[in-house]
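In: what's the 3D shape of this:
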Amino acid sequence: MSGHSKWHSIRRSKGLLDQKRGALFTKLAREVTVAAREGNSGDPDLNFRLRLAVDKARQANMPSDNIQRAIERGMGKGGEAQLDEVTYEGYAPGGIAIIVQAATDNRNRTAAEVRSTFSKGGGNLGESGSVGWMFANKGLITIEFPEGKQFDPDEVMLQAIDAGADDVEVDGNEVEVYTAFEDLNTVRVALQQAGLPITNVERLMKPTTPFTPDNETTAMGALRLLEKLEDLDDVQKVYTNLDVSEELADKFAESA
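Out: Model (predicted):
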């Protein structure tokens, strides 16, 4: 399982996204705002990135009024400060690569918070491009079958590949379909038309070479740093090439 997928699964197991719904809504609203501005359109039918952001907000049960306000902010209405999209690159203990994507109305504040969090976590903030070459810009479509429902993984993989997917990973009742980002919508539509139960569609930075630390202490330290970074108010997404065992992932997920 990729570093991104593993980290996402750990966060979900800890229930942190549900426990911090207010913070989640803020992050989702910022993504909607940035997507509207970057795509120069407040219409999800004409702005695919905005469609992804709006769909994710709706999945989290964000009120429609909140979504509309976020779109209007992205289009320059409402008088609120403009949000800038900023990417930071750095290392966790053990040389584990991390990419942090943020949306902020104050670059100096966000940079200071990210730098401080890296330092306190035993890592260090790097220069632009220091770890970006270890990741590829991809699209991810998650297909999740209900517990107990039988399905043919090979058949699903063939459907995804025929639709234009680059790679497919199966983990229990969950199937992750990776695409070139520019092919994401085409593959999504094809899989929807095939009747597959899609639960998530997003853009991500996928590690090209996952890294497994040689000891548990290093891995746990990196996981704690990832958690601290993702909890920062301005941070939208955190990606890593860290790869850990299911046992270690469960151990961290169960920790306080």
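In: what bridges to residue 211?
Out: For residue 211, the beta-bridge partners are residue 242 (DSSP bridges).
In: What segments of the protein are strands?
Out: Counting by DSSP state E, residue ranges of the strands within the chain are 84-92, 96-104, 124-125, 135-144, 167-171, 174-180, 198-207, 235-240.
In: What helices and strands are in contact with the last one?
Out: Right, strand 235-240. With contacts defined as 3 or more Cβ pairs under 8 Å, 6 or more residues apart in numbering; DSSP states H and E, strand 235-240 has these neighbours: helix 3-14, helix 21-39, strand 96-104, strand 198-207, helix 216-230. Quick note: C-beta positions are derived from backbone N, CA and C, even for glycine.
In: need these in a markdown table with mean pLDDT, can you?
Out: Conversion of the helices and strands packed on strand 235-240 to a markdown table gives the following (pLDDT from 0 to 100):
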| stretch | mean pLDDT |
| --- | --- |
| helix 3-14 | 56 |
| helix 21-39 | 88 |
| strand 96-104 | 95 |
| strand 198-207 | 90 |
| helix 216-230 | 92 |
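In: most packed of those?
Out: The densest packing among these, expressed as mean neighbour count by mean count of other Cβ atoms under 10 Å, is seen in strand 96-104 with a mean of 24.
In: what angle separates that strand from strand 84-92?
Out: 160 degrees (axes from the mean of the first three to the mean of the last three Cα atoms, to 10 degrees).
In: which residue sits farthest out from the middle of this structure?
Out: Seen from the C-alpha centroid of the chain, the residue lying at the greatest distance (Cα atoms, centre = their mean) is residue 79, 28.7 Å away.
In: for it, phi and psi?
Out: Listed backbone geometry of residue 79 is phi 80, psi 10, with angles given as degrees, to the nearest 10.
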